[in-house]
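Visitor: Fold the following, please.
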Amino acid sequence: MPRRRTSAFDDLLVIASKLPWKVGVGMAFVSYLVLHLVALGSAPVPSATNTADLGNVVIRGFIHIFSLLTQYLIPVGFLIGAAASFLKRRQSSGLLEEARSGREIASISWQEFERLVGEGFRQRGFKVSERGGASPDGGVDLELTKAGNRYLVQCKQWRSRQVGVTVIRELCGVMATEQAHGGFVVTSGQFTREASEFAQRSRIELIDGAQLQELIGVKTESAASNAPAFTPTPIRSTVPTCPGCGKSMVERTAKKGSLVGQSFWGCQDYPRCRRIVPKIS
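Guide: Purely as a prediction, here's the structure:
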């Protein structure tokens, strides 16, 4: 199915809605101020008296008209995005409170599930950015940052199925490509034995239904007050598994290119499999 074309204003709304709402409001003010000053500075000048000045007059007139129009359009886009971001944050907080009050996680949609997981991480001190696609299986759903480290999250709201090793391998490959510090796969169900074994050899932490309850704080008030802060699993020093074929990787040193002299993990089946994983110290 061909991707629906969007206008520049639609793209602005999407970007603004992903920003914290306070940032969106600030961007609305700054964009109006900048564009308003540009509009004043590019006010019409007397018509050109010769051909040499004609180009400057046309360019100045274009800038003036563009800034006059966008000095209102762009700030409005940021304000609409900020309102959407504020409402999404309120909805996420509401979902968290409903879950803590006993609402069944299985009863919510996959979009709500992603927001609920994001709010759970946010309550644990992570900065959360939504990256979900247009389908329940859109790849990386959330991006987390904390203490200078970046983590990728994939959410799987599977009620009856178990999350298999393929999902873990795919996330491992994306982490290698984006050089993320670690990753999480979160499900309302369980993981297969193969998935758990693969995760133990990688930098991915698995959060099943029971651990999800802890993440979002579904417990008694006395237990919650004494609960330790949620922290990612430390980076393991074991040899990683190739995200492509599942075989063990070997440590290699780059002999050419921009990374010459640096160590990395390469698949033992090279050159048949050319997957690599950055070695993070």
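Visitor: switch to C-alpha atoms for all contacts and neighbour counts from now on
Guide: Fine.
Visitor: Give the helix, strand or coil label for Val128.
Guide: Here Val128 is recorded as strand under DSSP: H, G, I helix; E, B strand; the rest coil.
Visitor: Wait, it touches Arg122, no?
Guide: Yes. Taking C-alpha atoms under 8 Å as the definition, Val128 is a contact partner of Arg122 at 6.2 Å.
Visitor: which one of those two has more residues nearby?
Guide: The neighbour count for Val128 versus Arg122, taken as other C-alpha atoms under 10 Å, is higher for Val128 (23 against 17).
Visitor: Report the beta-bridge partners for that one.
Guide: Leu144 (DSSP bridges).
Visitor: which stretches of the stretch 101-250 of the chain form helices?
Guide: For the stretch 101-250 of the chain, the helices defined by DSSP state H, counting those that start in this stretch cover 110-123, 165-178, 193-200, 209-215, 221-225.
Visitor: okay if I get those helices as CSV plus mean pLDDT?
Guide: Shown next, in CSV, are those (pLDDT from 0 to 100):
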stretch, mean pLDDT
helix 110-123, 88
helix 165-178, 89
helix 193-200, 90
helix 209-215, 88
helix 221-225, 43
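Visitor: I'd like those laid out as TSV, including distance to Ala8.
Guide: Shown next, in TSV, are those (distance: least, C-alpha to C-alpha, whole Å):
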stretch	distance to Ala8
helix 110-123	25
helix 165-178	27
helix 193-200	41
helix 209-215	38
helix 221-225	46
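Visitor: Alpha carbons of stretch 32-48, as PDB, please.
Guide: C-alpha atoms of stretch 32-48 as PDB (Å, rounded to 0.1, in the frame of the first residue of the first chain):
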ATOM      1  CA  TYR A  32       7.000  33.800  15.800                       C
ATOM      2  CA  LEU A  33       9.600  36.200  17.100                       C
ATOM      3  CA  VAL A  34      12.200  35.200  14.600                       C
ATOM      4  CA  LEU A  35       9.800  35.200  11.600                       C
ATOM      5  CA  HIS A  36       8.300  38.500  12.700                       C
ATOM      6  CA  LEU A  37      11.700  40.100  12.800                       C
ATOM      7  CA  VAL A  38      12.500  38.600   9.400                       C
ATOM      8  CA  ALA A  39       9.300  40.000   8.000                       C
ATOM      9  CA  LEU A  40      10.100  43.500   9.300                       C
ATOM     10  CA  GLY A  41      13.600  43.300   8.000                       C
ATOM     11  CA  SER A  42      12.600  42.300   4.500                       C
ATOM     12  CA  ALA A  43       9.900  45.000   4.100                       C
ATOM     13  CA  PRO A  44       9.300  46.100   0.400                       C
ATOM     14  CA  VAL A  45      11.800  48.500  -1.100                       C
ATOM     15  CA  PRO A  46      11.400  50.800  -4.100                       C
ATOM     16  CA  SER A  47      11.300  49.100  -7.400                       C
ATOM     17  CA  ALA A  48      14.500  48.200  -9.100                       C
END
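Visitor: and the residue nearest to Glu114 when sequence neighbours are not counted, what does it touch?
Guide: Leaving aside its chain neighbours, Glu114 sits nearest to Cys155 (6.2 Å; criterion: C-alpha to C-alpha, 6 or more residues apart in numbering). Cys155 makes contact with 113-114, 117, 140-141, 185-187 under the criterion C-alpha atoms under 8 Å, 6 or more residues apart in numbering.
Visitor: cool, Asn149 as well?
Guide: 180-181.
Visitor: what about 6 Å?
Guide: Asn149 is in contact with His181, counting by C-alpha atoms under 6 Å, 6 or more residues apart in numbering.
Visitor: What of the one 5 residues further on?
Guide: For Gln154, the contact set (C-alpha under 6 Å, 6+ apart) comprises 140-141, 185.
Visitor: Let's see that with 8 Å instead.
Guide: 139-142, 171, 184-186.
Visitor: List buried residues within these.
Guide: Those of these that meet the buried threshold are 139-142, 171, 184-186, by 16 or more other C-alpha atoms under 10 Å.
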